[in-house]
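1. I would like to see how this sequence folds:
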Amino acid sequence: PRNLMVTGSEIELVTYWSNHQKEEELQTAVLTTQFCAGRPVEILTPDDSDTSREFVEFGNSVDFDESLETDEVEDYIDLGFDVCTLDEGFDVARNTKQNVEADRMSLDSNTVAVDWDTEKGSFLTFHKVSNRSMQQQGYLKGYTMTLNNRVKSEPTFTSYIDLDKEEGAEEAMQITPDLLEGELCVSKADRVCSYSTVSGLTSGMTGTLFVTTLKLSLKLHIEDEQKIRKNKILAPWDIPLSSIFAIYEITGEGVEKKKRLSLGSNVSSKVEGIFIVCKNFRFYKFSFKFAKIDEGRNVVNALLHHVRPKKNNLLFAFEQHIYTSLGSTPSVKSGWDEVRRKSEAQNVRLSRANENWQISHSLPQEFIVPGHITDEKLGKMSGLFVGSRPPVWVWGTPRGGGLYLQPNLNVQPSLQIDQLRDDFYGARLGKIVKEIDLDRLFPLQTALEESFSLMLDLHCIEAEKEAEKIDTEYFSRLENSGWLKTVSCTLRTSQEICDRLLRDETVVLIEGEGRGSSILVASLVELMYEGEYRTRQGFENLVQNNWVSLGFPFSVNHQLCSPKSENSVVPIFLVFLDAVYQLIQQFPSQFDFRPEYLIDLWDTALLPIFDTFIFDSEHDRSMARRNPETPLKPSPAWNWSSQFSPEYIKSWENPLYDIPRRPERTTWQDPHPSSMIMEKQILPGLPENKKYLPVNPSIPALSTWLDLFHRSVAFFQKSKELDEKLLRMQRSAKAEIEKAGTNKRPVKICEARKKFFNQNP
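-> Residues are numbered from 1 along each chain as shown. Prediction:
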């Protein structure tokens with residue numbers, strides 16, 4: 001048998017067979033190989049007296065001769081070649097030389113030789129990978145590489161893989177990717193290793209890496225028994241191309257160096273490995289050390305070309321056959337009339353002046369405007385603002401309070417324009433109008449892009465040594481990124497607006513085109529103000545109305561497609577999700593869903609399958625559906641059953657939802673529960689029954705969303721056993737309370753609580 005033994009950063013080719021002398025004639029066979037051509041290899045020759053180790057460049061052919069003399073044989077041994085003495089050495093060497101290209105690295109084996117024993121002068125040999133004795137001695141089953149030895153004095157990288165061709169090579173060639181209908185395979189590389197380091201131990205998995213029109217997929221050579229596939233579309237080792245933020249080329253043996261590759265460029269030299277950072281804070285490391293020379297380069301070039309298409313209609317959602325496997329769902333219509341009825345706002349109406357997109361391409365066909373503004377006057381006002389977008393109403397109160405989104409002026413300010421705006425908002429009718437310039441409060445777009453990039457650099461940590469260095473400066477770097485400051489500013493501004501709406505004022509949010517930070521703040525105001533938006537269904541309606549319908553540029557801001565190669569992700573939607581996460585942390589019983597739902601929502605926003613998050617406006621979506629060349633059928637992201645199982649969707653439910661921490665006080669004058677303890681009456685400034693969630697927006701009160709930011713850092717993952725146990729207890733308690741509550745007997749609820757906590761101290 002011929003076995004490949006990897007030791008450290010060197011590769012040793014081990015050849016051994018039974019010695020045989022025939023008529024005192026010494027016949028020799030010298031084996032050569034093309035494996036990892038151009039790299040130095042250390043040839044190991046087991047010998048009772050001494051072991052010869054020399055470096056030989058692969059690709060250099062060494063001739064063998066039948067009439068070699070003894071001293072010549074010794075010369076070959078000195079060079080580090082294993083010289084065989086058997087009568088059929090010629091045939092063995094000739095066949096090996098001819099078939100070396102096919103069996104240079106077999107990933108299947110019936111015979112595995114490990115750990116050269118210098119005392120016995122032999123290897124430990126197991127005839128089956130699944131041999132029980134092999135497992136008992138600490139060797140892993142299958143093709144998983146163990147990149148650490150059990151003894152510290154031994155080399156740090158050890159892998160033993162048989163070079164038998166008949167079974168392993170053929171089996172490796174049969175690996176195929178899991179493709180959706182319409183998905184095509186662009187490039188692949190076999191024998192790719194993905195590895196990570198935890199607690200000083202480096203472990204990895206080998207497989208075939210595929211680049212398709214949808215994803216980068218690593219198909220393991222063994223079944224991934226440790227992970228349960230939770231997504232019907234993506235396997236655990238699948239990376240959507242549109243979620244990739246940056247690709248780095250890894251070079252160097254001892255100290256790795258990373259070179260960032262420009263999207264759209266080409267790599268002409270051999271690629272040893274790549275490091276991929278994704279927009280959803282996942283990162284992956286792949287090594288092409290055992291792959292063919294051109295395969296790593298071909299995969300990287302395919303990635304650089306397909307990660308960011310130049311046009312929107314090149315995204316995978318435009319594939320015609322995808323909907324057979326995912327199932328089509330009717331499109332979600334704008335619900336602005338329902339929003340108006342729910343808010344009970346007065347003096348506003350639903351306008352269809354943009355039914356044929358004659359006013360603005362970035363606005364929906366239907367939106368809410370003041371009741372006294374005619375469609376004709378609306379058309380005249382639209383030209384005064386950036387993007388021809390007139391101000392639109394998004395929320396209001398029954399007693400006249402209103403929240404509007406207004407773009408910046410497209411003309412020079414004047415007294416006449418001020419009069420038109422006062423007339424639009426009803427200032428002449430005695431309403432108090434407060435204009436808030438968000439461009440002055442929030443960081444610039446370039447600063448937001450830089451903040452997102454710094455957060456990725458801070459949290460995508462692959463090595464513990466790097467983590468130890470970052471740990472000493474984590475909080476200073478977190479502060480310098482400005483991320484928490486932006487979240488804090490968002491919550492503080494939203495809280496201020498809620499106070500003004502309670503006083504029945506009209507608040508106008510002014511920024512850019514009126515489709516960025518103004519949507520962010522308005523959505524948080526509605527979330528803090530209206531309890532129905534804190535249910536999962538209500539939250540999805542909020543995102544659909546404010547973000548999708550009002551034309552938030554998902555494709556441009558998330559860099560799903562762009563003719564430019566620069567990375568300029570504008571994380572406004574992620575800031576919104578982070579702000580919602582802060583609300584859930586401060587008010588855990590006020591939300592119907594858990595933070596895990598927000599993470600899955602962010603992942604879905606970067607998945608180019610559903611048409612909800614791949615367009616910049618309703619106009620673009622409508623044109624894509626009408627285009628006969630690239631037909632697009634409705635596929636909203638809210639059809640969660642196309643991605644997840646019912647059990648997984650149910651896991652988003654928050655068992656603490658709608659469970660009050662204490663009885664509500666009827667008026668703000670009611671004494672605080674601590675009044676009796678402190679022997680004086682305490683009048684709370686923020687009672688629990690306040691109209692909106694009284695969030696604490698200060699930075700020290702905020703929590704870093706580590707469940708998202710550190711989701712791929714293996715050595716930071718904590719055990720979820722206690723959290724899952726607590727979650728089961730909470731769900732069981734709520735089920736008991738709801739069961740008792742159906743009888744409309746409050747004493748039953750108290751008894752159920754006592755019963756549960758007595759059983760679960």
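
2. for residue 722, what are phi and psi?
-> Main-chain torsions, residue 722, degrees, to the nearest 10: phi -70, psi -40.

3. neighbours of it, how many?
-> If you count neighbours by other CB atoms under 10 Å, residue 722 ends up with 9. All C-beta atoms are positioned from the backbone trio N, CA, C, and that covers glycine.

4. can you check residue 354 too?
-> Residue 354 has 25 neighbours, counted by other CB under 10 Å.

5. right, and it touches residue 367 too?
-> Yes. Counting by CB atoms under 8 Å, residue 354 does reach residue 367; the two are 7.1 Å apart.

6. name the nearest residue to residue 445, ignoring sequence neighbours.
-> Leaving out its chain neighbours, the residue that sits closest to residue 445 by CB to CB, 6 or more residues apart in numbering is residue 570, at 5.8 Å.

7. what distance do you get for that neighbour to residue 478?
-> 20 Å (CB to CB, to the nearest Å).

8. also residue 501?
-> From residue 501 over to residue 478 (counting by CB to CB), the distance is 33 Å.

9. ditto for residue 403
-> With CB to CB as the criterion, residue 403 and residue 478 are 32 Å apart.

10. what does residue 554 give?
-> 27 Å.

11. do residue 655 as well
-> For residue 655 relative to residue 478 (CB to CB), the value is 31 Å.

12. cool, and residue 631?
-> 46 Å.

13. so the two - more neighbours on which side?
-> In this view residue 631 and residue 478 are compared by other CB under 10 Å, and residue 478 has more residues nearby, 19 against 11.

14. a helix runs through the more buried one, doesn't it?
-> Yes. Counting by DSSP: H, G, I helix; E, B strand; the rest coil, residue 478 is part of a helix.

15. pretty sure it contacts residue 457?
-> No. If you go by CB under 8 Å, residue 478 and residue 457 don't touch, sitting 11.3 Å apart.

16. what is in contact with those two at once?
-> Shared contacts of residue 478 and residue 457 (CB atoms under 8 Å, 6 or more residues apart in numbering): none.

17. confidence score at residue 469?
-> If you check residue 469, the pLDDT there is 87.

18. secondary structure class for it?
-> Per three-state DSSP, residue 469 ends up helix.

19. what's around it, how many residues?
-> So residue 469, with other CB under 10 Å, has 12 neighbours.

20. separation between it and residue 284?
-> 22 Å.

21. again with residue 634
-> 32 Å.

22. between the two, who's got more neighbours?
-> Using other CB under 10 Å, the more surrounded residue of residue 634 and residue 284 is residue 284, with 19 against 16.

23. right, and that one touches residue 192 too?
-> No. Residue 284 is beyond contact range of residue 192, at 10.8 Å (criterion: CB under 8 Å).

24. okay, and the common contacts of the two?
-> With CB under 8 Å, 6+ apart, residue 284 and residue 192 have no common neighbours.

25. same question for the helix or strand harbouring residue 494: list its buried residues.
-> Using DSSP states H and E, residue 494 sits in helix 483-502. Judged by neighbour count using 16 or more other CB atoms under 10 Å, the buried positions of helix 483-502 are 483-491, 493-498, 500-501.

26. picking up where we left off before, tell me the contacts of the residue nearest to residue 445?
-> 445, 448, 449, 452, 516, 556, 557, 558.

27. for the third one, give me its contacts.
-> Neighbour list for residue 449: 568, 569, 570, 571 [criterion: CB under 8 Å, 6+ apart].

28. before we move on, what about the second one?
-> Contact partners of residue 448, counting by CB under 8 Å, 6+ apart, are 442, 486, 570, 571, 572, 575.

29. 7 Å - rerun?
-> 570, 571, 572 (CB atoms under 7 Å, 6 or more residues apart in numbering).

30. report the separation between the second one and residue 309.
-> Put plainly, it is residue 571. From residue 571 to residue 309 the distance is 21 Å (CB to CB).

31. and for the first one?
-> Between residue 570 and residue 309 the distance, using CB to CB, works out to 19 Å.

32. residue 411: neighbour count?
-> 9.

33. quick one: low-confidence parts of this structure?
-> 1-173, 196-203, 223-228, 253-255, 320-334, 565, 660-690, 741-761 (pLDDT under 70).

34. between the contacts of residue 570, which is nearest residue 182?
-> residue 558 (22.3 Å; CB to CB).

35. contacts only, for the closest one.
-> Counted by CB under 7 Å, 6+ apart, residue 558 has contacts 279, 569, 605, 606.

36. same check, this time on residue 279
-> Taking CB under 7 Å, 6+ apart as the test, what residue 279 contacts is 243, 245, 558, 569, 606.

37. please state the backbone phi and psi of the residue nearest to residue 445?
-> phi -100, psi 100.

38. and it, how far is that from residue 479?
-> Applying CB to CB to residue 570 and residue 479 gives a distance of 21 Å.

39. same check on residue 621?
-> For residue 621, the distance to residue 479 - CB to CB - is 39 Å.

40. and these two? Which one has more around it.
-> Shown here are residue 621 and residue 479; by other CB under 10 Å, residue 621 has more neighbours (19 against 12).

41. leaving out chain neighbours, which residue sits closest to that one?
-> That would be residue 615: by CB to CB, 6+ apart, it lies 4.4 Å from residue 621.

42. okay, and the one you found sits in which element?
-> Using DSSP H and E, no helix or strand contains residue 615.

43. pretty sure it sits against residue 555.
-> Yes. Under the criterion of CB atoms under 7 Å, residue 615 makes contact with residue 555 at 6.0 Å.

44. between those two, which has more neighbouring residues?
-> residue 615 (25 against 20).

45. can you pull the contacts of that one?
-> Residue 615 touches 554, 555, 621, counting by CB under 7 Å, 6+ apart.

46. separation between residue 728 and residue 720?
-> Taking CB to CB, one finds residue 728 at 12 Å from residue 720.

47. give me the neighbour count for residue 270.
-> 16.

48. which SS class is it?
-> Residue 270 is classified as coil under three-state DSSP.

49. can you pull the contacts of residue 245?
-> Here residue 245 is in contact with 277, 278, 279, 456, 567, 569 (criterion: CB under 7 Å, 6+ apart).

50. please check the residues you listed and keep the buried ones.
-> Buried, going by 16+ other CB under 10 Å: 277, 278, 279, 456, 567, 569, out of those.

51. show me the beta-bridge partners of the second one.
-> According to DSSP bridges, the residues that bridge with residue 278 are residue 244.

52. re earlier: got the contacts of residue 558 as CSV, with secondary structure and distance to residue 361 columns?
-> CSV is the format used below for those (DSSP: H, G, I helix; E, B strand; the rest coil; distance: CB to CB, whole Å):
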residue, secondary structure, distance to residue 361
279, coil, 26
569, coil, 23
605, helix, 22
606, coil, 24
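
53. hang on, the earlier thing: format the contacts of residue 448 as a markdown table; extra columns: distance to residue 178.
-> Output for these, formatted as a markdown table (distance: CB to CB, whole Å):
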| residue | distance to residue 178 |
| --- | --- |
| 570 | 33 |
| 571 | 30 |
| 572 | 34 |
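
54. what's the closest of the residues you listed to residue 644?
-> residue 571 (24.4 Å).

55. let me see the contact set for residue 354.
-> Counting by CB under 7 Å, 6+ apart, residue 354 has contacts 360, 363, 365.

56. what helix or strand is it located in?
-> Here residue 354 is assigned to no helix or strand, by DSSP H and E.

57. that one and residue 617, how far apart?
-> 11 Å.
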